[in-house]
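Need a 3D model of the following:
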Amino acid sequence: MKRTLSKGSIVLLCIVFFTCLFLHVEANCLELKSPAFKDGETIPEKYTCKGDNISPSLEWTGVPAGTKSFALIMDDPDAPMGIWVHWVIYNIPGDVSMLKEDIPRDTSLTDGTKQGTNSFNWIGYGGPCPPKGPAHRYMFKLYALDEELDLPAGATKGVLLMRMDGHILDETRLTGLFQR
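Prediction:
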């Protein structure tokens, strides 16, 4: 026996199809990756205090419409004295989709990007350097912002988070592991 669909069933299937299509496009949001390591994997020694202590290359896709700048915070939530901030970098232009390896530890970069003060009390990147023991998690958190921040170079994570409040269009994270 051959069954045919009624007009109502066809309309319902079309609604379901286009809703799924719309949700799939909407799910294509900000994503952060590194060619140096995959999410949840070990950060290569080169990017740590045991190696060259340089920043890894980072790349992102799925930038939301209206993005004017990006901010990135890298921290270690497993540090024995509380969250340890390894990198604060902001006012990355909205048309940029990557940070190259070995970003200089300058307060301001040629494209207007600014770097803040980390928990080592330096400007720029400070690589993973946990005490001996189990692996620590290092969270690279990328924020797409609807404005360039009116914030001088050298800002701390706390100041940056307060200034970004109400301006975050989307955010994502990449987690790397490291132990000594």
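
right, and the helix or strand after the helix or strand bottoming out on mean pLDDT in the chain?
The least trusted helix or strand in the chain, going by mean pLDDT, DSSP states H and E, turns out to be helix 7-27, with a mean of 48. Remark: after helix 7-27, the chain's next helix or strand is strand 31-33, criterion DSSP states H and E.

With just CA atoms, put the next helix-or-strand element following that following strand into PDB.
The element immediately downstream of strand 31-33 (helix or strand, assigned by DSSP H and E) is strand 58-61. What follows is strand 58-61, C-alpha atoms only, in PDB (Å, rounded to 0.1, in the frame of the first residue of the first chain):
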ATOM      1  CA  LEU A  58      45.800  30.700  17.700                       C
ATOM      2  CA  GLU A  59      43.100  30.800  15.000                       C
ATOM      3  CA  TRP A  60      39.400  31.500  15.100                       C
ATOM      4  CA  THR A  61      36.400  31.100  12.900                       C
END
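
strands paired with the very next helix or strand once past strand 58-61, and their directions?
Counting by DSSP H and E, the next helix or strand C-terminal to strand 58-61 is strand 69-76. With DSSP bridges as the test, strand 69-76 is paired with strand 84-93 (antiparallel), strand 136-145 (antiparallel).
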